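Colleague: no sequence on this one, just coordinates:
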């Protein structure tokens, strides 16, 4: 209907990039697995079967069983849900905080800009992972705590991106025209500038999900993330570490799942970034 | 009736200190005065970089002046509170030079045109569509383009859309900042005719900024000639084109290409020598003296003021009586 040629150009470039398409497929498959977990997992992830403890991968249990006889494939399928929801919610929180902070700094400039940017500099000097460890140790583990803590420690990159976009877009004539027409600051920020600064934010959000998935797995591996019996790739890996000499499948399969997920999001994110090269906007203009 | 009055307006850029070193000051607008009357078109002409666009932005309070004021119906627009500002925004609109940069690429034409109506609460939601179609009709656009995006249009159509946005609030004054110079010549004529029609139908006043003297002659009632942030001559359009008094105006007029009937020989042309000096480093005395063919003794020392000479406002030492020097 609106036949946007920019969108067509984007698709053409994206489809040519095979790695990006592969990343997109991985992400779609993960989505599918996470959404339909109850339907596709062969066993209940928490069913304990004392007769089949630490069984090697076979026909009944394709990925083997753990020390309580639970089916690893089922636990990983449910774990995909946890990983993806932590990834999405944490990045969602980070993106919202980052967009608001970046918009205020970029649009108003002056003191607001200086205070926000110095605060970002301070946040960036703190090693994020240790900050998360400390905060989780203090407020306790739990899926919501993890999402929130990851979110509020990873918004700085988004804020910088959005600020840079705002600095350039607020000088454009269509923003001046909106002000001349009587639009309020709120309206100009959200209806005129924000929608034009979304592409880099989208890319950074997709790349951010990969990071959040890694952090969640690491926290769960250390035992302060998702608490058993709730399955997560990270806490399956912990079991793998404890039984590394007798049950390789406890380490290999969740490890591969994390690897593929992170790879998938990175390939997709970078593919999108390359396809929305900002110079395109100019060549399409006239 | 006087609608807009500009009083000793100045705008300097980049006067900031960086690491203690004082940077040069760019004097974009350096003390100008003029006024626009109801139903009239006032034109500002000058070479690029003489501060015309800065004046346009100042006149709409899109940027703050370094000093001086702009009065709208006798009241200082830089002192308006929120409500007064909103009323002012409804009364004065702007059309920009580049129609490719002045429409939001991610908003549909409908969203762009209806926005002023929504902001000023001028039309109930139920009849919004009809009103927008009506505005489209006035600028010669078809109603079926409403859900399209700006990149699907040509420059002329985009400029029509920009004019439609300016018209939406039924303003009293439109500041047109070189509305034709980004367009093809054939399209320029169409847009100029559209502006002419609107002026006749709606009694909107214009501040018309241009460097095209032929357009100014056709469209405006009074002309201010700008050079390096100052007005060097201000007169009624007919008088200015009949007898330019300032040497700069004279040369500008001589540069306008004309088509003459018959072969009466090519008229003598005095082309402007050299470039416009940088507004960071304005020459002492009369800013025009390094390029002026008629300069004499006081020109590089004393800044000529815009004074009444022969019944018109000119800033040039040449026209003064000997005792004034």
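Modeller: Nice, thanks for sending it over. Computed from a predicted model, the values in this text were never measured in an experiment.
Colleague: gap between the closest residue to residue A:247 other than its chain neighbours and chain B?
Modeller: Spatial nearest neighbour of residue A:247, excluding adjacent residues (CB to CB, 6 or more residues apart in numbering or on different chains): residue A:54 at 5.0 Å. From N, CA and C alone the C-beta is placed, and that goes for glycine too. To chain B, residue A:54 is 56 Å away according to CB to the nearest CB, to the nearest Å.
Colleague: wait, doesn't residue A:54 sit right on residue A:244?
Modeller: No: in terms of CB atoms under 8 Å, residue A:54 does not count as a neighbour of residue A:244; the distance is 11.9 Å.
Colleague: who's more crowded, these two?
Modeller: With neighbours defined as other CB atoms under 10 Å in any protein chain shown, residue A:54 and residue A:244 compare such that residue A:54 has more, 16 against 11.
Colleague: so who does that one touch?
Modeller: Shown in contact with residue A:54 (CB atoms under 8 Å, 6 or more residues apart in numbering or on different chains): A:64, A:65, A:66, A:67, A:69, A:243, A:246, A:247.
Colleague: so what's the residue count around the residue in the stretch 151-300 of chain B that chain A sits nearest to?
Modeller: Here the stretch 151-300 of chain B gets closest to chain A at one residue, residue B:151, 6.1 Å apart by CB to the nearest CB. Look at residue B:151: counted by other CB under 10 Å, it has 17 neighbours.
Colleague: can you give me the strands in chain B?
Modeller: For chain B, strands defined by DSSP state E occupy the ranges B:2-13, B:17-18, B:21-22, B:26-37, B:41-45, B:67-72, B:75-76, B:92-95, B:173-177, B:205-210, B:222-227, B:230-236, B:307-309, B:312-314.
Colleague: on the three-state scheme, the residue of the stretch 151-286 of chain A found nearest chain B is what?
Modeller: Scanning the stretch 151-286 of chain A for proximity to chain B using CB to the nearest CB identifies residue A:182 as nearest, at 3.4 Å. What DSSP: H, G, I helix; E, B strand; the rest coil gives for residue A:182 is coil.
Colleague: so for residue B:270, what's the pLDDT?
Modeller: Residue B:270 is assigned 61 on the pLDDT scale.
Colleague: circling back: pull the contacting residues for the residue of the stretch 151-286 of chain A closest to chain B.
Modeller: B:85, B:86, B:89, B:90, B:116, B:119, B:120, B:169 are the contacts of residue A:182 under CB under 8 Å, 6+ apart.
Colleague: which residue is the nearest non-sequential neighbour of the fourth one?
Modeller: On the basis of CB to CB, 6+ apart, the spatially nearest residue to residue B:90 that is not a chain neighbour turns out to be residue B:169, at 4.8 Å.
Colleague: how about that neighbour, what does it touch?
Modeller: Per CB under 8 Å, 6+ apart, neighbours of residue B:169: A:181, A:182, B:89, B:90, B:91, B:93, B:116, B:117, B:120, B:122.
Colleague: kindly report the same for residue B:47.
Modeller: Per CB under 8 Å, 6+ apart, neighbours of residue B:47: B:211, B:227, B:276.
Colleague: where does pLDDT dip in the chain?
Modeller: As the question left the chain open, I've gone with chain A. A:1-6, A:277-286 (pLDDT under 70).
Colleague: actually chain B
Modeller: Confidence mapping of chain B against pLDDT under 70 gives the ranges B:15-23, B:258-273, B:320-325.
Colleague: just give the number of residues close to residue B:125.
Modeller: Look at residue B:125: counted by other CB under 10 Å, it has 9 neighbours.
Colleague: how much space between it and chain A?
Modeller: In terms of CB to the nearest CB, residue B:125 sits 17 Å off from chain A.
Colleague: residue B:43 now?
Modeller: Residue B:43 is 20 Å from chain A, by CB to the nearest CB.
Colleague: count of neighbours near the residue in the stretch 51-200 of chain B that chain A sits nearest to?
Modeller: Of all residues in the stretch 51-200 of chain B, the one sitting closest to chain A is residue B:89 (3.4 Å; CB to the nearest CB). Number of residues near residue B:89 (other CB under 10 Å) recorded here: 22.
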